[in-house]
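> 3D model of this:
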Amino acid sequence: MTAKLAEALGVSLDYLVGATELELDNHILQIIQWIQQLPDKGREHLFYLLDNVLQNVKAKQAFAS
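Model prediction:
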């Protein structure tokens, strides 16, 4: 029942019960579940790409200020 309520509200169960301040929407949770199902090598490649993108964004933010 509580899980259905969290799903209807588009938040994680942890957020709904106050176990976390971090609100993750259902789309992000679905992506995380998909990533967890990838083979180790696939996750490794994906995290490498994400790290590079995030570093690029952080660098742009640092130079913009």
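
> the closest residue to D14 other than its chain neighbours: neighbour count?
Spatial nearest neighbour of D14, chain neighbours left out: T20 (4.4 Å); criterion: Cβ to Cβ, 6 or more residues apart in numbering. Every residue, glycine included, has its C-beta placed from N, CA and C. For T20, the count of nearby residues is 13 (other Cβ atoms under 10 Å).

> now do stretch 9-22: distance to the chain's middle.
With Cα atoms, centre = their mean, to the nearest Å as the basis, the distance from the averaged C-alpha position of stretch 9-22 to the chain average is 13 Å.

> now swap in stretch 35-44 and tell me
Here the centre of mass of C-alpha atoms in stretch 35-44, compared against the chain's by Cα atoms, centre = their mean, lies 15 Å away.

> give me the phi and psi for the residue nearest to the spatial centre of the chain.
The geometric centre of the chain, computed from its C-alpha atoms, lies nearest to I28 (Cα atoms, centre = their mean), at 4.7 Å. Backbone torsions for I28, taken as degrees, to the nearest 10, come to phi -60, psi -40.

> any figure for the gap between it and K60?
Counting by Cβ to Cβ, to the nearest Å, the separation of I28 from K60 is 22 Å.

> how many residues are close by S12?
Should you count by other Cβ under 10 Å, S12 turns out to have 21 residues around it.

> any idea how far L16 is from the residue lying closest to it once chain neighbours are set aside?
Distances taken as Cβ to Cβ, 6+ apart place L24 nearest to S12, at 4.8 Å, with adjacent residues excluded. In this structure, L24 and L16 are 11 Å apart, going by Cβ to Cβ.

> quick one: the strands in this protein?
Taking DSSP state E to define them, one finds no strands in the chain.

> how about the helices in it?
With DSSP state H applied, the chain shows helices at 2-9, 13-16, 26-36, 40-64, listed in chain order.

> what comes into contact with the third one?
Put plainly, it is helix 26-36. Residues from elsewhere that reach helix 26-36, judged by Cβ atoms under 8 Å, 6 or more residues apart in numbering: E7, G10, S12, L24, R43, L46.
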